[in-house]
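S.K.: Whatever this is, show me its structure:
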Amino acid sequence: MAAQFILLALRNPALLRERVAMAGNTKRWDRLLMPLTVVVLPLVALVAAGLDTRFGWTVPLPPTVQLIATAFGMAAYSLTLVSMMSNPFFSNIVRI
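M.R.: Model (predicted):
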(Lines give C-alpha, C1' and ligand atoms only; values in the text may rest on other atoms or scores of the structure.)
Protein backbone atom coordinates (compact mmCIF):
# COMPACT_ATOMS: atom_id res chain seq x y z
CA MET A 1 0.00 0.00 0.00
CA ALA A 2 2.92 2.33 0.70
CA ALA A 3 4.30 1.63 -2.79
CA GLN A 4 0.87 2.42 -4.26
CA PHE A 5 0.70 5.72 -2.43
CA ILE A 6 4.25 6.75 -3.36
CA LEU A 7 3.98 5.74 -7.02
CA LEU A 8 0.61 7.45 -7.44
CA ALA A 9 1.95 10.59 -5.74
CA LEU A 10 4.84 10.69 -8.21
CA ARG A 11 3.12 9.59 -11.44
CA ASN A 12 -0.49 10.70 -11.08
CA PRO A 13 -1.25 12.95 -8.09
CA ALA A 14 -4.71 13.80 -9.47
CA LEU A 15 -5.72 10.14 -9.37
CA LEU A 16 -4.35 9.83 -5.84
CA ARG A 17 -6.44 12.80 -4.71
CA GLU A 18 -9.52 11.29 -6.32
CA ARG A 19 -8.94 7.89 -4.72
CA VAL A 20 -8.39 9.40 -1.25
CA ALA A 21 -11.23 11.94 -1.16
CA MET A 22 -14.84 11.46 -2.14
CA ALA A 23 -16.33 13.93 -4.58
CA GLY A 24 -19.39 15.94 -3.63
CA ASN A 25 -21.51 14.09 -6.20
CA THR A 26 -20.65 10.62 -4.86
CA LYS A 27 -23.70 8.42 -4.48
CA ARG A 28 -24.97 7.78 -0.95
CA TRP A 29 -24.36 4.03 -1.16
CA ASP A 30 -20.74 4.68 -2.20
CA ARG A 31 -20.28 6.89 0.85
CA LEU A 32 -21.55 4.06 3.05
CA LEU A 33 -19.66 1.20 1.41
CA MET A 34 -16.27 2.91 1.09
CA PRO A 35 -15.47 3.16 4.83
CA LEU A 36 -16.82 -0.35 5.29
CA THR A 37 -14.43 -1.86 2.74
CA VAL A 38 -11.43 0.21 3.79
CA VAL A 39 -11.69 0.09 7.59
CA VAL A 40 -14.26 -2.36 8.91
CA LEU A 41 -13.61 -5.43 6.73
CA PRO A 42 -9.82 -5.49 7.29
CA LEU A 43 -10.39 -5.15 11.05
CA VAL A 44 -12.90 -8.00 11.00
CA ALA A 45 -10.40 -10.12 9.05
CA LEU A 46 -7.67 -9.43 11.62
CA VAL A 47 -9.96 -10.29 14.52
CA ALA A 48 -11.12 -13.48 12.79
CA ALA A 49 -7.50 -14.48 12.06
CA GLY A 50 -6.54 -13.92 15.68
CA LEU A 51 -9.48 -15.93 16.96
CA ASP A 52 -8.71 -18.69 14.47
CA THR A 53 -5.13 -18.86 15.71
CA ARG A 54 -6.26 -18.84 19.34
CA PHE A 55 -8.96 -21.50 19.04
CA GLY A 56 -7.59 -23.53 16.11
CA TRP A 57 -10.73 -23.42 13.98
CA THR A 58 -8.89 -24.31 10.77
CA VAL A 59 -6.04 -26.66 9.94
CA PRO A 60 -2.78 -24.81 9.17
CA LEU A 61 -1.78 -24.81 5.51
CA PRO A 62 1.56 -26.31 4.48
CA PRO A 63 4.33 -23.71 3.96
CA THR A 64 4.41 -24.45 0.23
CA VAL A 65 0.73 -23.57 -0.15
CA GLN A 66 1.29 -20.41 1.91
CA LEU A 67 4.16 -19.34 -0.37
CA ILE A 68 2.11 -19.99 -3.51
CA ALA A 69 -0.84 -18.02 -2.11
CA THR A 70 1.49 -15.16 -1.15
CA ALA A 71 2.96 -15.12 -4.66
CA PHE A 72 -0.52 -15.00 -6.22
CA GLY A 73 -1.57 -12.22 -3.85
CA MET A 74 1.52 -10.16 -4.65
CA ALA A 75 1.02 -10.72 -8.38
CA ALA A 76 -2.61 -9.57 -8.13
CA TYR A 77 -1.66 -6.48 -6.14
CA SER A 78 1.12 -5.71 -8.64
CA LEU A 79 -1.33 -6.02 -11.53
CA THR A 80 -3.65 -3.57 -9.79
CA LEU A 81 -0.75 -1.18 -9.24
CA VAL A 82 0.34 -1.39 -12.89
CA SER A 83 -3.26 -0.76 -13.94
CA MET A 84 -3.40 2.36 -11.77
CA MET A 85 -0.14 3.65 -13.21
CA SER A 86 -1.24 3.17 -16.82
CA ASN A 87 -4.90 4.22 -16.53
CA PRO A 88 -5.49 7.75 -15.22
CA PHE A 89 -9.21 6.97 -14.81
CA PHE A 90 -8.70 4.05 -12.39
CA SER A 91 -11.11 5.47 -9.86
CA ASN A 92 -12.71 3.74 -6.90
CA ILE A 93 -15.94 5.67 -7.36
CA VAL A 94 -18.67 4.47 -9.70
CA ARG A 95 -19.65 7.10 -12.23
CA ILE A 96 -22.37 6.60 -14.79
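
S.K.: what's next to the longest helix along the chain, contact-wise?
M.R.: What stands out as the longest helix in the chain, according to DSSP state H, is helix 63-86. For helix 63-86, the surrounding residues in contact (C-beta atoms under 8 Å, 6 or more residues apart in numbering) are A3, Q4, L7, L8, R11, N12, L15, L61, F90. From N, CA and C alone the C-beta is placed, and that goes for glycine too.

S.K.: Top of those residues by number of neighbours, please.
M.R.: L8 (21 neighbours; other C-beta atoms under 10 Å).

S.K.: Same list (the contacts of helix 63-86) but as a markdown table, adding distance to T70.
M.R.: Putting these into a markdown table (distance: C-beta to C-beta, whole Å) gives the following:
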| residue | distance to T70 |
| --- | --- |
| A3 | 16 |
| Q4 | 18 |
| L7 | 21 |
| L8 | 24 |
| R11 | 26 |
| N12 | 28 |
| L15 | 27 |
| L61 | 11 |
| F90 | 24 |
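
S.K.: And the residues you listed, which is closest to V39?
M.R.: Q4 (16.9 Å; C-beta to C-beta).

S.K.: any idea how far R19 is from the residue nearest to that closest one when sequence neighbours are not counted?
M.R.: Across the structure, with C-beta to C-beta, 6 or more residues apart in numbering as the measure, the residue nearest Q4 apart from its sequence neighbours is L81 (5.6 Å). Taking C-beta to C-beta, to the nearest Å as the measure, L81 and R19 are separated by 12 Å.

S.K.: Ok, V38 next?
M.R.: As it turns out, when the distance is counted by C-beta to C-beta, V38 lies 11 Å from R19.
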